[in-house]
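Colleague: This is a predicted model, with the sequence first.
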Amino acid sequence: MTSLQGLEPPLKSILHRERIAQLIAPLRRVRPRVPFFKLVAHRRPTLWALYRGLLRNAPHSQVRWRVATMFRQKRSETSPAATKTFLTRMHEWLDLFIQCKRGDDRLNSVMQRYGRMIAAKREKVQMMGIMVNEFKWLDKLRNRPIMTGGYLRASYFNPPLPRLNPQPDKLSMMIRARRLARFRRVGRAQSFAEAMSLLRVERMFEDRLETTAKEFGQKFRSVFRPREAWAAPINVATAELNRSFAADEARKRMTYTPQMLETIKQARRNKIVNKRRERFNARTGFYSARIMTRMRKGPPAPVLAMMTEEEKRDDATARSPSQRGYVRRVKQKLGMRVDPQSYDVEEGAPGNRERLELEAKKIEEFNEWKRGVAEKPDLS
């Protein structure tokens, strides 16, 4: 005991430690139970004194809008240090606004210039937003789904629909969600079937135990009684799954309505008309993006490696949609089918033949006159 008493700190040291603890205690950080932005001591001066004072004394409407925007942006700020910095800055602004209201010409001119800068910035941002929205709308139109004339047959996951290209994302996500839901329902149905089979096995085992107990004159207390109560939850869940499967079957047996069939057939007819128009425009010299993509293609790499320079040139020429002139001769050389009426585009429509021949005759007469003038000797 004597040795342990010798290890205790002296009374002077204990008193010194207590004195240091008393000096440090006020400096220790105390975390409040309520965040500062919920305290009335913070909200009331900020909203009723600072914010309303800034809006009331703002020297320009654009400056007032800027103050309201800045407060909305800082509305979700939870850092005490950042909030203190922002509020200090706003108090400085309030002092400047009050000086402007009292007639400080220099500050008034600065605020007017600042208001014009904000107005120009807002107009620029608004115009940029309009341009972005227009670009988004153009991109949406460029990639909007169109009917291809095909059929999206009915299945467990979708009713009968027209085939769209590109297929809308919402439709794809609907089919995916229904496929996953059916997969989960099938798994639940299998687990319920296994539970019912186990329940039947346990019931048969209990019946045999009861029969054996009666043979030996023993009492037996049955557990699976009433038997319907044990199977009732499984039967309810199975009935709900069966209703879902029946709804899937009904969806799969759905047929196209006459209106939808007519719409799909009309889309197919429109597709044929558009393809004919595209080929006609290509023959007249207008190349679409699809035709340009086809012209940039080439033969497979093994075939290209065995081709001569002349064969490569002929292959690139033959990929043009034109069927006249040099391209026509190259296509005939390669054994490609050429439209025998392709020259109708150059000769014009049958109804315009007479007018075109008359214009060609006038052009020929004018050229003859020019040649005659050029051949006359210069008598000067």
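Modeller: Received the coordinates, thanks. Numbers count the residues shown, from 1 in each chain.
Colleague: Check which residues of stretch 276-296 are buried.
Modeller: Within stretch 276-296, the residues scored as buried using 16 or more other CB atoms under 10 Å are 278, 282, 283, 291. (C-beta placed from N, C-alpha, C; glycine too.)
Colleague: Columns distance to residue 14 and pLDDT on top of those residues, output as a markdown table?
Modeller: Shown next, in a markdown table, are the buried residues of stretch 276-296 (distance: CB to CB, whole Å; pLDDT from 0 to 100):
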| residue | distance to residue 14 | pLDDT |
| --- | --- | --- |
| 278 | 99 | 84 |
| 282 | 102 | 78 |
| 283 | 107 | 71 |
| 291 | 97 | 84 |
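Colleague: Output those residues as a markdown table; include the columns secondary structure.
Modeller: Putting these into a markdown table (DSSP: H, G, I helix; E, B strand; the rest coil) gives the following:
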| residue | secondary structure |
| --- | --- |
| 278 | helix |
| 282 | helix |
| 283 | helix |
| 291 | helix |
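Colleague: Out of these, which is nearest to residue 248?
Modeller: Distance ranking of the buried residues of stretch 276-296 against residue 248, using CB to CB, places residue 278 first at 41.4 Å.
Colleague: Quick check: residue 178 touching residue 171?
Modeller: No - using CB atoms under 8 Å, residue 178 makes no contact with residue 171, being 11.0 Å away.
Colleague: Overlap of the contact sets of these two?
Modeller: Residues touching both residue 178 and residue 171 (CB atoms under 8 Å, 6 or more residues apart in numbering): residue 158.
Colleague: distance of residue 125 from residue 131?
Modeller: 11 Å (CB to CB, to the nearest Å).
Colleague: meant to ask about residue 285
Modeller: From residue 285 to residue 131 the distance is 33 Å (CB to CB).
Colleague: Do I have it right that residue 321 meets residue 288?
Modeller: No - using CB under 8 Å, residue 321 is not in contact with residue 288; the gap is 9.5 Å.
Colleague: Give the intersection of the neighbour lists for the two.
Modeller: residue 282.
Colleague: Show the residue spans covered by the strands in the chain.
Modeller: 146-152, 161-165 (DSSP state E).
Colleague: Can you add distance to residue 14 and mean neighbour count and give these back as a markdown table?
Modeller: Formatted as a markdown table, the strands of the chain follow (distance: least, CB to CB, whole Å; neighbours: other CB atoms under 10 Å):
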| stretch | distance to residue 14 | mean neighbour count |
| --- | --- | --- |
| strand 146-152 | 87 | 15 |
| strand 161-165 | 85 | 15 |
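Colleague: Can you say which of these is nearest to residue 236?
Modeller: Among the strands of the chain, the nearest to residue 236 by CB to CB is strand 161-165 (34.0 Å).
Colleague: Now do the nearest residue to residue 339 once chain neighbours are set aside: how many residues are near it, please.
Modeller: Spatial nearest neighbour of residue 339, excluding adjacent residues (CB to CB, 6 or more residues apart in numbering): residue 323 at 5.4 Å. Residue neighbour count, defined by other CB atoms under 10 Å, stands at 21 for residue 323.
Colleague: got the contact list for residue 323?
Modeller: Counting by CB under 8 Å, 6+ apart, residue 323 has contacts 283, 331, 338, 339, 342.
Colleague: Drop anything exposed from those residues.
Modeller: Among the contacts of residue 323, those scoring as buried are 283, 331 (criterion: 16+ other CB under 10 Å).
Colleague: Could you identify the most distant pair in the contacts of residue 323?
Modeller: So, the contacts of residue 323 by CB to CB: farthest apart are 283 and 331, at 13.1 Å.
Colleague: And residue 287, how far from residue 148?
Modeller: For residue 287 relative to residue 148 (CB to CB), the value is 23 Å.
Colleague: Same question for residue 324.
Modeller: Note on residue 324: its distance to residue 148, by CB to CB, is 32 Å.
Colleague: try residue 79
Modeller: Taking CB to CB, one finds residue 79 at 56 Å from residue 148.
Colleague: cool, residue 93 as well?
Modeller: Residue 93 is 61 Å from residue 148, by CB to CB.
Colleague: Show residues contacting stretch 259-270.
Modeller: 146, 147, 148, 149, 150, 151, 160, 162, 256.
Colleague: Next, format the residues you listed as CSV and append distance to residue 219 and pLDDT.
Modeller: Compiled in CSV, the contacts of stretch 259-270 are given as follows (distance: CB to CB, whole Å; pLDDT from 0 to 100):
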residue, distance to residue 219, pLDDT
146, 79, 92
147, 76, 92
148, 76, 91
149, 78, 91
150, 73, 92
151, 69, 94
160, 64, 95
162, 72, 95
256, 68, 95
